[in-house]
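Chemist: any chance you can model this:
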Amino acid sequence: MSIRIGSAVAGMVLAAATTTSFAQHSPEEVRKLLGQPVSMAEAAVLGAARASHSDLCGGPTEFEGHASVVSRLQYGSLGPADRDRLAVMMTRQHGSNAAIYETLDDDAKIAFCSGLASTVLAKTAEFVEAHPHLFEQRDVPAAEPKAFDQTVAEIMAGMAPFERMYVIRMTENFVMDDARKILADPANEKDGYAWAMKVLAYDFSLLSRAAEPDHPDVAEAYRERAEIYSRYIRGEIDGPAMQAAETANERRKNAVYDRILQSYSRTVETPPKSRVTELEAVAKVLARMVSGRAKVSATD
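Modeler: Below you'll find the model as predicted:
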């Protein structure tokens, strides 16, 4: 997976990839390139998540190449005083992450590292979305690497099948909350929502992979939904036809979930509220990972 940087900034990105800062370019030049101010809070979150994952989780995330370019763009846009403040903010957040990590058991540490990786991906994706003029959009490429499947398996390790089904269902809800925000953004109307449709296609493709091991019927419904958006992107169906297909797919998907839930209800007790809260927290981590990957992939 790689983000293709537009040719107009290729030289500057090359500098970012080969130096620790934008020494060859003034903060004013970088800010002009970005077109809007950088949030130090956002830059600190990304920088601390990158450093924490590298220090606590056995090395950098698989998105380090992209994330490092984003961090260097953010850092390069700041003046000396703001760079010092950013360093303090990152150090404080890194220390907090390390303190939390030390209190966790082994399973929770795996989930925590997955959360850090999801943060790196989500913040990188948000930067790409906020600065589309820096990146080239391409057609939907091949499926994500298997690292996604492995990460999902680690996140949901030790859960009962019913719990994994609940997590996948809640993940879909959180992913769709994010998708609705994308569709409501007027900026995405400029390309006829082509990028938004690509994100949705990736969202449901990734959801299908997460559901496949335990609930292949659910996975099939998600794959069908991804194909609906892909057909729209390819120009094979128009907007009304896509909406009709969405509605039909939603009915089939809900029927599949209802059937599975009824079968579980005969053998599985309703989990306590505390366990439901834990499962929803896992779903939020998984949703951030799905949404983040979808956005990066749709822009790749």
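
Chemist: could you pull out the helices for the stretch 1-150 of the chain?
Modeler: With DSSP state H, counting those that start in this stretch, the ranges of helices along the stretch 1-150 of the chain come out as 10-18, 27-34, 40-56, 64-76, 80-102, 106-130, 147-155.

Chemist: may I see the buried residues of the last one?
Modeler: Neighbour-count burial for helix 147-155, with 16 or more other C-beta atoms under 10 Å as criterion, is recorded at 148-149, 151-152, 155. Placement of C-beta: from N, CA and C, glycine included.

Chemist: okay, now the unreliable bits of the stretch 201-300 of the chain?
Modeler: Where the stretch 201-300 of the chain drops to pLDDT under 70, the residues are 300.

Chemist: hang on, I meant the stretch 1-150 of the chain
Modeler: Using pLDDT under 70, the stretch 1-150 of the chain drops low at 1-24, 135-146.

Chemist: if we use 90, what do you get?
Modeler: Across the stretch 1-150 of the chain, the ranges flagged by pLDDT under 90 are 1-42, 54-80, 82-84, 86-88, 91-95, 97-115, 117-150.

Chemist: burial count for Ala245?
Modeler: Counted by other C-beta atoms under 10 Å, the residues lying close to Ala245 total 18.

Chemist: where does it fall, secondary structure wise?
Modeler: When elements are assigned from DSSP states H and E, Ala245 belongs to helix 239-265.

Chemist: thought Ala245 was touching Ile228?
Modeler: Yes. With contact defined as C-beta atoms under 8 Å, Ala245 reaches Ile228; the gap is 4.6 Å.

Chemist: overlap of the contact sets of those two?
Modeler: Taking C-beta atoms under 8 Å, 6 or more residues apart in numbering as the criterion, Ala245 and Ile228 both touch Ile237.

Chemist: test my guess that Glu154 contacts Ser114.
Modeler: Yes. With contacts counted by C-beta under 8 Å, Glu154 reaches Ser114, the gap being 6.5 Å.

Chemist: now do the most far-flung residue of the chain relative to its centre against Arg169, distance only.
Modeler: The centre of the chain is farthest from one residue, Arg266, which by C-alpha atoms, centre = their mean lies 35.4 Å away. With distances taken as C-beta to C-beta, to the nearest Å, Arg266 is found 19 Å from Arg169.

Chemist: Gly158 too?
Modeler: Taken as C-beta to C-beta, the span from Gly158 to Arg169 is 19 Å.

Chemist: give me the more crowded residue out of the two.
Modeler: A direct count of neighbours by other C-beta under 10 Å for Gly158 and Arg169 places Arg169 higher, at 19 against 7.

Chemist: quick one: buried residues of the helix or strand harbouring that one?
Modeler: Using DSSP H and E, Arg169 sits within helix 161-184. Across helix 161-184, burial judged by 16+ other C-beta under 10 Å covers 162-172, 174-176, 178-179, 182.
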